[in-house]
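*Asks:* Just to be clear, the model below is a prediction. Sequence and coordinates:
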Amino acid sequence: MARLGQDLSEYLRAEMMPTVWCPGCGHGIIAQGIATALREIRADLDQVVVVGGIGCSGRTPFYMNTGAMHTTHGRALAFATGLKLARPSLTVIVAMGDGDALAIGGNHFIHAARRNIDLTVVLYNNSIYGMTGGQAAPTTPQGSHSTTTPLGSIEPNFDAVELARAAGASFVARSTTFDFQEMPQLIARAIRHPGFSMVEVLSQCPTYYGRLNHLGEAPEMLLYERDRTRLLEMFGPPPEITREEMVGQLPIGLFVEEVRPEYTQRYSELCAAAGGSYHA
Amino acid sequence: MKLIQGNEAVALGAVAAGCDFYAGYPITPATEIMEQMARLLPARGGVFIQMEDELSAAAAVIGAAWGGARAMTATSGPGFSLMQEHIGYAAITQTPCVFVDSQRGGPSTGLPTLPAQGDVMQARFGSHGDRAAIALTASSVLSAYEMTARAFELSETYRQPVVLLLDAVLSHMRENVELPKVEPAPRPMPAPGTDPEPFGDNPFVPFGAGRRTVVTGLAHDESGLPKTAGGQAQERMLLELQDRLRRDAAEITHYSSHALEGARIVVLAYGITARAAREAVEMLRADGVAAGLLDLQTLWPFPDFLVTEIAQGAQAILVPELNVGQYVIPVTAAVQGRCRVAPLGRADGNLFTPEEIAQAARDLLLAERGGVRRG
């Protein structure tokens, strides 16, 4: 599906190129993954809105040839919730950064997951705040360095997959920018999923995270991503792997995929019970 | 005729004006608006959602507007503070939507069940940066209904967030009223065959209608794209909107007046305070004092033209308000020394009595005369 040299120009907003992303940044690979997924599902781009927050990931809506909403820091999911409820026929994709989704927007993240509203979150996780110059995020691995943890972070870091799962997300997956073939497939599957879906994509930030932690340039960081993750069964039940076996590695793959009552569907039933007609 | 609560009138006015989306978070003394909407909207096929906080309520309202809804939220001081960033976002993205703030004593948690008018300046300047602002208020259950509907209308006309300021007493009091019929305002549409730019002085076109608009809180021009170097385009669009509001001031400015003709002292009041002010003016006139009342329902944009006119004829203007002197600041600026302006403030959670306002007016006139003699 994703292949080098593919023509995605129909899905990208040429007038906003070049992107703001640094050379070697992984975010372009993720944006390409979203574009590839939109092509895969044959999306009507007039009926797609990509919503972003603030930060490097938040720029994604500008580069997608869809409706685009670049919102406020952390609140993209709250904007997207209102948008989806007001016009449930839209396909709404929310591009969020790790600080965006899990620090300032953590509350909206868990509540959107709890409601199981049909939004697709693509969580760009580069382990750091890139836009503001390399500060620690809730995902910065404990012990690693940033401009606000110059002596090493003493805080345990969030696991977005576990957080989404615990909050009630009905589709939860993780991939990396190294896995550029599989990642768009997961995003496409997440968009098709009728409920709240979250695909976390581990991304490299050579400018800050890589430099401050001596992880090398983008190629070395891609190999670092490969080595610190372990692919579990992609589209099936994950194999039984004990925590001990996973030490030092993050599982990637599809972890939750369950069809549960979706919020706009339930809202439609609520209206019907009250004698109203929701988007008939 | 029916006994209706102020908050209930807001909900009824909103629905009558075509509101089909409400997102909110419970807070005293605004909660009944939300409770009413939770009952009213599903039966009409509209959306009601209780969000996780006021930040998300405001965000959902703006998102819903871009989904084509006529959207609103309601809150009180602490929630209004949290919503400020998104009010600014709605302003820069030219998103029509309505924010109701039922004011209570502040700052912080303050006096949750008691009335205040301490958010008047926040309604104008609460969000960071420069923006034009439209804010209405009401002094009766009937005007709460009418001004809610008007807020929706203005939000459509100017593509801006419109704030309606109430207070704890007006929200909770009941009056026997007959609610007039209100029609939803038409939403301006692009002329057939035209495809105007999505921002600036052009119609609001939500997502899903065949356009792939870029909406951003970054400075942008009429195209919506943030690639414009510097903020010149943003500044120009803001000034154009301000000019338009100035040109339309007579239509935007809602007020009622009483005995202004020949008044030597004018009480300029708004919201719940205007009720006591009206009584005070009656008391003064019964005592032979030439007093008049200006009861403002439109607070922002500031009605310079009205205040300037009053300042030509009156010797003094008294501005009673449930804060320690907020709206008196632009009044003083507009009067430019043409007559004396005096504040009458209180922020203890109590309303003014008519006697207090009348006494302050007498004191002010005495002081004014003294000033003339000394001069």
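*Replies:* In hand now; what should we look at? Note that the coordinates shown come from a computational prediction; the quantities given were computed from them, not determined experimentally.

*Asks:* wait, is residue B:269 part of a helix?
*Replies:* No: assigned with DSSP: H, G, I helix; E, B strand; the rest coil, residue B:269 falls outside any helix and is strand.

*Asks:* So what's the residue count around it?
*Replies:* As a burial measure, residue B:269 scores 28 neighbours (other C-beta atoms under 10 Å in any protein chain shown). Quick note: C-beta positions are derived from backbone N, CA and C, even for glycine.

*Asks:* ok, now residue B:222?
*Replies:* 16.

*Asks:* wait, isn't it in contact with residue B:237?
*Replies:* Yes: Residue B:222 is in contact with residue B:237 according to C-beta atoms under 8 Å; the separation is 7.2 Å.

*Asks:* any residues in contact with both of those two?
*Replies:* B:199, B:200 (C-beta atoms under 8 Å, 6 or more residues apart in numbering or on different chains).

*Asks:* what's the nearest residue to residue 271 if we skip its chain neighbours?
*Replies:* No chain specified, so I'll use chain A. Leaving aside its chain neighbours, residue A:271 sits nearest to residue A:278 (4.0 Å; criterion: C-beta to C-beta, 6 or more residues apart in numbering or on different chains).

*Asks:* Chain B was what I was after
*Replies:* In space, residue B:271 is closest to residue B:137, 4.5 Å off (C-beta to C-beta, 6+ apart).

*Asks:* ok, now which ones touch the one you found?
*Replies:* Neighbours of residue B:137 in contact, by C-beta under 8 Å, 6+ apart: B:147, B:164, B:165, B:166, B:270, B:271, B:296, B:297, B:299.

*Asks:* Show me what the helix or strand where the second one lies is packed up against.
*Replies:* Element membership for residue B:164, per DSSP states H and E: strand B:161-167. In terms of contacts (3 or more C-beta pairs under 8 Å, 6 or more residues apart in numbering or on different chains; DSSP states H and E), strand B:161-167 is packed against helix B:6-16, helix B:77-92, strand B:97-105, helix B:120-125, strand B:134-137, helix B:141-158.

*Asks:* now the angle between strand B:97-105 and it, please.
*Replies:* Per axes from the mean of the first three to the mean of the last three C-alpha atoms, to 10 degrees, the angle that strand B:161-167 makes with strand B:97-105 is 30 degrees.

*Asks:* need the next SSE after strand B:161-167, C-terminal direction.
*Replies:* Downstream of strand B:161-167, the first helix or strand assigned by DSSP H and E is helix B:168-172.

*Asks:* mind saving the C-alpha coords of that next one as PDB?
*Replies:* Extracted C-alpha coordinates of helix B:168-172, given in PDB (Å, rounded to 0.1, in the frame of the first residue of the first chain):
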ATOM      1  CA  ALA B 168     -27.200  35.400  39.700                       C
ATOM      2  CA  VAL B 169     -30.400  37.200  40.500                       C
ATOM      3  CA  LEU B 170     -31.700  37.600  37.000                       C
ATOM      4  CA  SER B 171     -30.800  34.000  36.300                       C
ATOM      5  CA  HIS B 172     -32.800  32.700  39.200                       C
END
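
*Asks:* Give me the mean pLDDT for the helix or strand following it.
*Replies:* Using DSSP H and E, the next helix or strand after helix B:168-172 towards the C-terminus is strand B:174-177. Here strand B:174-177 scores 97 as its mean pLDDT.

*Asks:* and strand B:174-177, which residues are buried?
*Replies:* B:175, B:177 (16 or more other C-beta atoms under 10 Å in any protein chain shown).

*Asks:* Okay, now the sheet partners of that strand, with direction.
*Replies:* Here strand B:174-177 has these sheet partners by DSSP bridges: strand B:2-5 (antiparallel).

*Asks:* and the top helix by length along chain B, how far from the chain's centre?
*Replies:* For chain B, the helix with the greatest residue count under DSSP state H is helix B:354-374. With C-alpha atoms, centre = their mean, to the nearest Å as the basis, the distance from the averaged C-alpha position of helix B:354-374 to the chain average is 30 Å.

*Asks:* what's around residue 134, how many residues?
*Replies:* Defaulting to chain A. Residue A:134 has 21 nearby residues by other C-beta under 10 Å.

*Asks:* wrong one, I was asking about chain B
*Replies:* Around residue B:134 there are 24 residues (other C-beta under 10 Å).

*Asks:* what does stretch A:11-21 contact?
*Replies:* Residues contacting stretch A:11-21 (C-beta under 8 Å, 6+ apart): A:27-28, A:31, A:35, A:38-39, A:45, A:56, A:59, A:62-66, A:68, B:214, B:225, B:227.

*Asks:* closest one to residue A:125 among the helices and strands packed on strand B:161-167?
*Replies:* helix B:77-92 (24.6 Å; C-beta to C-beta).

*Asks:* for the closest one, packing partners?
*Replies:* helix B:54-66, strand B:71-75, strand B:97-105, helix B:120-125, strand B:161-167.

*Asks:* Would you mind getting the angle between it and strand B:161-167?
*Replies:* Using the same axes, to 10 degrees: helix B:77-92 against strand B:161-167 is 160 degrees.

*Asks:* and helix B:77-92 with helix B:54-66, angle?
*Replies:* 30 degrees.

*Asks:* and the residue in the stretch 101-250 of chain B positioned nearest to chain A, how many neighbours?
*Replies:* Nearest residue of the stretch 101-250 of chain B to chain A (C-beta to the nearest C-beta) works out as residue B:216 at 3.9 Å. Residue B:216 has 23 neighbours, counted by other C-beta under 10 Å.

*Asks:* For it, which residues count as its bridge partners?
*Replies:* Going by DSSP bridges, residue B:216 is paired in beta bridges with residue A:70.

*Asks:* so who does it touch?
*Replies:* Each residue near residue B:216 by C-beta under 8 Å, 6+ apart is listed here: A:61, A:62, A:68, A:69, A:70, B:93, B:224, B:226.
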